[in-house]
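S.K.: model this:
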Amino acid sequence: MADKCCGPLTDLRESVKVRLTYWYILEAFPRLGGAPTIEDMQRELLFPRDEITSILNALVAKGALRVEPASHMILDAYPYSGVPTRHPVELDKGASLYCMCAVDAFYVPFLVEHDLTIRSHCFFCRSEIEVRVERRTIAAAESAHVVIWNSAASYDCPKTNFFCCEAHLLEWRESAPDEQGQIYTLAEALDAGRRAAERMQKSREGLHEIQWAKPDELVCYCRQVPKATIVAAITEGVSSPEEIAKRTTACTGGWCEETNPKGRCCCVDLRALLEVHSEQAGR
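M.R.: Predicted structure coming up:
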């Protein structure tokens, strides 16, 4: 596995369930400070374990994840790493996570809503490097001369690194004359992160917030019915919004447009949950 790098999920023909799990994983990294476990996914996505492992295998086959085969522990979910790397990122809300390479760290500002600090070191002299990103712009850096070598290798993450200055990068290149790639300024790396995040977001189109919301999040606000209750009804055989209403009282109060923070009737969310969990029930 060490000779292959994962990348973003780009096949938009993938099922809602596969794309939902993929984005749950990407959003869990900054929330948890690392990769979610299968148990996390069972508890929050409300999918059975065997279905989760099947989805993870499908994402691995698509090149969107790297996992440890026996345990299904997530090793990489581009741009995040499930194991420590040279490129930790600290979010202002307190969580810390690792990115796969120096350029990948600049994807994070466009995938989260938080300001952050990237901490690494010069790959040549080992001096510490700190880059502060606020409002998705470079706010400060340990040195104004920091650059990045963006490797063109087929598995480039171990070779895409920070350097405290271009002189140190060029000295390193003398010891690795066959290395192919290009030099990025911090501004160029940030722009690459922005463009990559925009491409990644395409696989999220058509998904609904409630599909990866936590089980205790309310679906129907006027009747106070949580997601877990709706999903339980669907997996027990309910197959339409009307049947969900009869079983759970969701969508029977008529006040969701006033009480729901989204300002809409919960029937939209009922259909979104049916789209995912009726498939799970084999219908």
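S.K.: which stretches of the stretch 51-200 of the chain form strands?
M.R.: Applying DSSP state E, counting those that start in this stretch to the stretch 51-200 of the chain gives strands spanning 66-67, 74-77, 80-81, 88-91, 96-99, 116-121, 128-134, 137-141, 147-151, 161-163, 181-185.
S.K.: what's the second one in contact with?
M.R.: It refers to strand 74-77. Contact with strand 74-77 is made by 1, 5-6, 22, 25-26, 29, 35-36, 56, 64-68, 81-83, 100, as judged by CB atoms under 8 Å, 6 or more residues apart in numbering. Using the backbone N, CA and C atoms, a C-beta is placed for each residue, glycine as well.
S.K.: what pairs with that strand, parallel or antiparallel?
M.R.: Paired neighbours of strand 74-77 in the sheet (DSSP bridges): strand 66-67 (antiparallel), strand 80-81 (antiparallel).
S.K.: any chance of the ones you listed in TSV, plus distance to residue 173, mean neighbour count and mean pLDDT?
M.R.: Converted to TSV, the strands paired with strand 74-77 look like this (distance: least, CB to CB, whole Å; neighbours: other CB atoms under 10 Å; pLDDT from 0 to 100):
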stretch	distance to residue 173	mean neighbour count	mean pLDDT
strand 66-67	28	22	95
strand 80-81	25	26	96
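S.K.: JSON lines for those, including distance to residue 219?
M.R.: Below are the strands paired with strand 74-77 laid out as JSON lines (distance: least, CB to CB, whole Å):
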{"stretch": "strand 66-67", "distance to residue 219": "31"}
{"stretch": "strand 80-81", "distance to residue 219": "29"}
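S.K.: which residues are in contact with the closest residue to residue 193 other than its chain neighbours?
M.R.: Excluding its sequence neighbours, the residue lying closest to residue 193 (CB to CB, 6 or more residues apart in numbering) is residue 106, at 3.3 Å. Neighbour list for residue 106: 118, 133, 189-190, 192-193 [criterion: CB under 8 Å, 6+ apart].
S.K.: change it to 10 Å
M.R.: Residues counted as contacts of residue 106 (CB atoms under 10 Å, 6 or more residues apart in numbering) are 79, 89, 99, 118, 131, 133, 136, 138, 148, 184, 186-194, 196-197.
S.K.: and what of residue 84?
M.R.: 34, 98.
S.K.: can you check the pLDDT for the residue lying closest to residue 65 once chain neighbours are set aside?
M.R.: Once flanking residues are discounted, residue 65 sits nearest to residue 59: 4.4 Å by CB to CB, 6+ apart. Per-residue pLDDT puts residue 59 at 95.
S.K.: heads up, I number from 6, so please use that
M.R.: Okay, using 6 as the starting number, the last item reads as residue 64.
S.K.: ok, residue 64 touching residue 22?
M.R.: No: with contact defined as CB atoms under 10 Å, residue 64 does not reach residue 22; the gap is 11.0 Å.
S.K.: give me the number of residues near the closest residue to residue 202 other than its chain neighbours?
M.R.: Leaving aside its sequence neighbours, residue 202 sits nearest to residue 115 (CB to CB, 6+ apart; 3.5 Å). Applying other CB atoms under 10 Å, we find 17 residues neighbouring residue 115.
S.K.: my read: residue 115 touches residue 142, true?
M.R.: No: look at residue 115 against residue 142 with CB under 10 Å: they stay out of range, at 11.4 Å.
S.K.: what residues are shared contacts of the two?
M.R.: Joint contacts of residue 115 and residue 142 (CB under 10 Å, 6+ apart) are residue 195.
S.K.: how many residues are close by residue 167?
M.R.: Neighbour number of residue 167 under other CB under 10 Å is 31.
S.K.: state the distance from it to residue 283.
M.R.: Distance of residue 167 to residue 283, given as CB to CB, to the nearest Å: 48 Å.
S.K.: what's the answer for residue 247, then?
M.R.: As judged by CB to CB, residue 247 and residue 283 stand 14 Å apart.
S.K.: need the contact list for the nearest residue to residue 105 once chain neighbours are set aside.
M.R.: Nearest residue to residue 105, sequence neighbours excluded (CB to CB, 6+ apart): residue 162, at 4.4 Å. Listed by CB under 10 Å, 6+ apart, the contact set of residue 162 reads 10-11, 81, 83-84, 86, 90-92, 104-109, 156.
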